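A.B. asks: Dropping the sequence and predicted coords here.
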Amino acid sequence: GESVGLHLPTLSVQEGDNSIINCAYSNSASDYFIWYKQESGKGPQFIIDIRSNMDKRQGQRVTVLLNKTVKHLSLQIAATQPGDSAVYFCAEIGAGGGNKLTFGTGTQLKVEL
Amino acid sequence: KAGVTQTPRYLIKTRGQQVTLSCSPISGHRSVSWYQQTPGQGLQFLFEYFSETQRNKGNFPGRFSGRQFSNSRSEMNVSTLELGDSALYLCASMTGGTPGNTIYFGEGSWLTVV
């Protein structure tokens, strides 16, 4: 069945370093991918998205890379700040799947001062 | 403009009772979907409504139901509550019917079943 999984449950980085959070997906028909950030006690917050016809998309301090050949998605955060500490989820929407998001298990990002 | 609003934020119910959660999407958004978040299962899709019609349904028992009103507000109901229903219930809204529009989440309703 469909599944989206994250490679690392916890990632610790030093403040100012770049962070890379990875995600593997299994549904080759997935059409749209999103990264969300969730802080403790809050709902998921949209970070950046990418369509399947793109390989890379950049936002403010964030970049998402999509490798359809190996079904891999990554989120790069430049100059990581303490406020970036949170759980990060990748999510996918399959073609024809309406707005049903399939989420990965999440990665806890810890920024050390 | 206001974000996705969910009420109540916190509630405690007893096994066997039923609960209704409410979601007001962002103004102009017609798609509303619901998710359950637990430490063990992560974020799981419950159902999605678009223009008052259920368009997608996840793998949850029939005790979980929902509806959407003409003003796009949505409610979900869980009947005969079980301890395992304790979770954060999240509502998400989106502008239209096709993927590719940003999906925004509310802060969620924390349900504890005792």
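C.D. replies: Yep, that arrived. Residues are numbered from 1 along each chain as shown, chains lettered A, B, ... in the order given.
A.B. asks: Just give me the neighbour total for residue 62.
C.D. replies: Here I'm looking at chain A. 17 (other Cβ atoms under 10 Å in any protein chain shown). Where C-beta positions appear, they are placed from N, C-alpha and C, glycine not excepted.
A.B. asks: ah, I was thinking of chain B
C.D. replies: Here the number of neighbours of residue B:62 (other Cβ under 10 Å) works out to 6.
A.B. asks: Just confirm it is within a strand.
C.D. replies: No - Residue B:62 is assigned coil when assessed by DSSP: H, G, I helix; E, B strand; the rest coil, not a strand.
A.B. asks: Need phi/psi at residue A:84.
C.D. replies: phi -80, psi -10 (degrees, to the nearest 10).
A.B. asks: Pretty sure it sits against residue A:77.
C.D. replies: Yes - in this structure residue A:84 lies within contact range of residue A:77 using Cβ atoms under 8 Å: 5.8 Å.
A.B. asks: what are the pairing partners of the lowest-mean-pLDDT helix or strand in chain B, and which direction each?
C.D. replies: Across the helices and strands of chain B, mean pLDDT, DSSP states H and E gives its lowest value to strand B:53-57, namely a mean of 91. Here strand B:53-57 has these sheet partners by DSSP bridges: strand B:42-50 (antiparallel).
A.B. asks: Quick check: mean pLDDT of the partner strand?
C.D. replies: In this model, strand B:42-50 carries a mean pLDDT of 93.
A.B. asks: List the contacts of that strand.
C.D. replies: Residues outside strand B:42-50 that contact it (Cβ atoms under 8 Å, 6 or more residues apart in numbering or on different chains): A:44, A:89, A:91, A:98-106, B:30-38, B:54-60, B:64, B:66-68, B:74, B:76, B:89-90, B:97.
A.B. asks: got the CA coordinates for stretch B:62-77 in CSV?
C.D. replies: Presented in CSV, the C-alpha positions along stretch B:62-77 are these (Å, rounded to 0.1, in the frame of the first residue of the first chain):
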residue,chain,number,x,y,z
GLY,B,62,-18.0,3.7,11.1
ARG,B,63,-18.0,5.3,14.6
PHE,B,64,-16.2,8.1,13.0
SER,B,65,-18.4,10.3,10.8
GLY,B,66,-18.5,13.8,9.6
ARG,B,67,-20.4,16.4,7.6
GLN,B,68,-20.0,19.7,6.0
PHE,B,69,-22.4,22.6,5.9
SER,B,70,-23.2,25.0,3.1
ASN,B,71,-20.9,27.6,4.7
SER,B,72,-18.1,25.0,4.5
ARG,B,73,-17.9,24.6,8.2
SER,B,74,-17.4,21.0,9.1
GLU,B,75,-18.1,18.7,12.1
MET,B,76,-16.8,15.3,12.9
ASN,B,77,-18.5,12.9,15.3
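A.B. asks: and it, how far from the chain's centre?
C.D. replies: 8 Å (Cα atoms, centre = their mean, to the nearest Å).
A.B. asks: Could you list which residues are in contact with residue B:13?
C.D. replies: By Cβ under 8 Å, 6+ apart, the neighbours of residue B:13 are B:19, B:81, B:111-114.
A.B. asks: now chain A, which segments are flagged as low pLDDT?
C.D. replies: A:1-8, A:95-97 (pLDDT under 70).
A.B. asks: on that earlier part again, spell out which residues are contacts of both of residue A:84 and residue A:77.
C.D. replies: Here residue A:84 and residue A:77 have A:19, A:109 as joint contacts, going by Cβ under 8 Å, 6+ apart.
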